[in-house]
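S.K.: sharing a model that was predicted from the sequence below.
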Amino acid sequence: MDNVIKLSHGDGGKHTEELIKNIFYKYFNNDLLVKGQDATIFQAANNKLAFTTDSFVVKPVFFSGGNIGKLAVCGTINDLIVSGASPLYLSAGFIIEEGFSLENLNKIVKSMSETCLESGVSIITGDTKVVEKGKVDGIFINTSGIGIVLERYKQKPIKEGDKIIVTGNIGDHGTTIAIERYDIKVKDKIKSDCASLYPFTEIIKDNYDSIKIMRDPTRGGLATVLHEFSNLCELGIHLMEEDIPIDRGVIAVNELLGFDPLYMACEGRMVIVVEASEAENILKKIQEFNGGKNAKIIGEFIKESRNTIFIENYFGGKRILPPLEGNMLPRIC
């Protein structure tokens with residue numbers, strides 16, 4: 001590891017993993033932390049609880065489909081949801097630059113309130129700090145969340161033949177941030193998928209027995225989540241390119257910028273590993289919900305090519321999908 005922090009240490013890929021293992025796990029080492037889950041699950045009295053925290057530094061603060069406040073609430077709720085928990089309460093910490101618009105702060109906090117209301121959660125504690133102009137870029141927000149783990153959900157070992165479902169188009173959020181940050185003129189109306197995954201809980205909770213693991217593909221996108229899964233079970237992954245739902249406009253913008261949408265952040269999607277026998281049934285349930293109409297089964301786990309992910313296109317050509325090593329796009333969340 002280098003002697004200074006680089007932007008790549010925050011992109012969710014290889015360098016982020018090295019930073020966490022070499023410094024944070026070294027000094028904060030405990031059995032709960034080193035599991036590396038989106039939310040830590042622990043026993044408290046008669047309930048299993050899930051607890052998570054996240055900080056949001058997205059630039060620009062307002063973007064098509066959301067803003068830093070909505071993103072902060074959704075991001076924390078979603079980390080609880082994919083851990084099999086029903087979200088209860090959040091905290092919110094604000095670091096605000098001197099001179100930041102009160103009108104914009106009102107819009108941000110209002111969107112946080114509305115998103116909480118839609119997901120049945122409350123912000124019950126918080127903190128506010130104001131720093132001198134130029135010492136922070138407008139506003140940064142930290143949110144933490146706690147929820148009760150639903151009894152039927154338990155992360156289970158991934159096996160050969162298990163299927164992978166994504167609940168909608170990927171790469172929309174990261175691409176939206178790139179368009180607005182770099183003022184790219186596009187014909188298609190591309191907007192962030194920023195949304196709470198809370199509605200999906202009711203849809204799939206009766207199928208938790210058949211669900212192995214769930215993740216939300218934020219930093220590092222779909223590809224990074226799939227590498228996490230592959231390393232966890234030491235199996236390979238076979239993806240069908242034509243089955244991965246990506247908007248044509250998103251593909252075009254990423255080609256223009258030299259990015260790959262498979263590594264671009266999503267902020268309202270789930271990646272779910274399910275038993276093969278129940279995959280079509282679960283997919284159908286998700287597709288019946290408006291927010292999941294573009295959901296697809298995108299691939300499966302295989303014994304061949306352990307810890308390797310490859311994509312097959314419609315004419316049989318194959319390419320390896322490597323782990324994220326370079327810096328894609330900083331400050332997307």
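M.R.: Okay, I see it. Every value quoted in this text rests on a predicted model; they were computed, and no experiment measured them. Residues are numbered from 1 along each chain as shown.

S.K.: tell me where the model's unsure across the stretch 201-333 of the chain.
M.R.: 326-327 (pLDDT under 70).

S.K.: can you pull out the strands in it?
M.R.: 211-215, 236-240, 271-274, 296-302, 309-312, 318-320 (DSSP state E, counting those that start in this stretch).

S.K.: off-centre distance for the fifth one?
M.R.: Between the mean C-alpha point of strand 309-312 and the mean C-alpha point of its chain there is a distance of 21 Å (CA atoms, centre = their mean, to the nearest Å).

S.K.: name the helices or strands packed onto it?
M.R.: Applying 3 or more CB pairs under 8 Å, 6 or more residues apart in numbering; DSSP states H and E, one finds that strand 309-312 contacts helix 221-233, strand 236-240, strand 318-320. For the C-beta atoms, the positions are set from N, CA and C on the backbone; glycine is no exception.

S.K.: next SSE downstream of the longest strand along the chain?
M.R.: Counting residues, the longest strand in the chain under DSSP state E turns out to be strand 85-97. As assigned by DSSP states H and E, the chain's next helix or strand after strand 85-97 is helix 102-119.

S.K.: how far does that next one sit from the chain's center?
M.R.: Using CA atoms, centre = their mean, the offset of helix 102-119 from its chain centre is 21 Å.

S.K.: how far off centre is the next helix or strand after that helix?
M.R.: Going down the chain from helix 102-119, the next helix or strand is strand 122-131, by DSSP H and E. Chain-centre distance of strand 122-131: 23 Å, with CA atoms, centre = their mean.

S.K.: in strand 122-131, what counts as buried?
M.R.: Within strand 122-131, the residues that count as buried by 16 or more other CB atoms under 10 Å are I123.

S.K.: now the element after that strand, going C-ward?
M.R.: strand 139-149.

S.K.: what's the angle between that following strand and helix 102-119?
M.R.: Orientation of strand 139-149 against helix 102-119 (axes from the mean of the first three to the mean of the last three CA atoms, to 10 degrees) gives an angle of 10 degrees.

S.K.: thinking again about what came up before, now the helices and strands packed on strand 309-312 as JSON lines including mean neighbour count and distance to I108?
M.R.: Formatted as JSON lines, these follow (neighbours: other CB atoms under 10 Å; distance: least, CB to CB, whole Å):
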{"stretch": "helix 221-233", "mean neighbour count": "22", "distance to I108": "25"}
{"stretch": "strand 236-240", "mean neighbour count": "20", "distance to I108": "37"}
{"stretch": "strand 318-320", "mean neighbour count": "11", "distance to I108": "41"}
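
S.K.: got TSV for those, with distance to E132 too?
M.R.: Output for the helices and strands packed on strand 309-312, formatted as TSV (distance: least, CB to CB, whole Å):
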stretch	distance to E132
helix 221-233	35
strand 236-240	48
strand 318-320	48
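
S.K.: most centrally placed residue in the chain?
M.R.: Geometric centre of the chain, nearest residue: T218, 2.9 Å, by CA atoms, centre = their mean.

S.K.: who's in contact with the residue lying closest to that residue once chain neighbours are set aside?
M.R.: The shortest distance from T218 to any non-neighbouring residue, by CB to CB, 6 or more residues apart in numbering, is to A265 (5.1 Å). Taking CB atoms under 8 Å, 6 or more residues apart in numbering, we find A265 in contact with 12, 171, 173-174, 177, 217-221, 329, 332-333.

S.K.: ok, and the most crowded of the residues you listed?
M.R.: H173 (32 neighbours; other CB atoms under 10 Å).

S.K.: by contact count, what packs against the helix or strand containing that one?
M.R.: For H173, the element it lies in under DSSP H and E is helix 172-181. If you count contacts as 3+ CB pairs under 8 Å, 6+ apart, helix 172-181 packs onto strand 62-63, helix 248-257.
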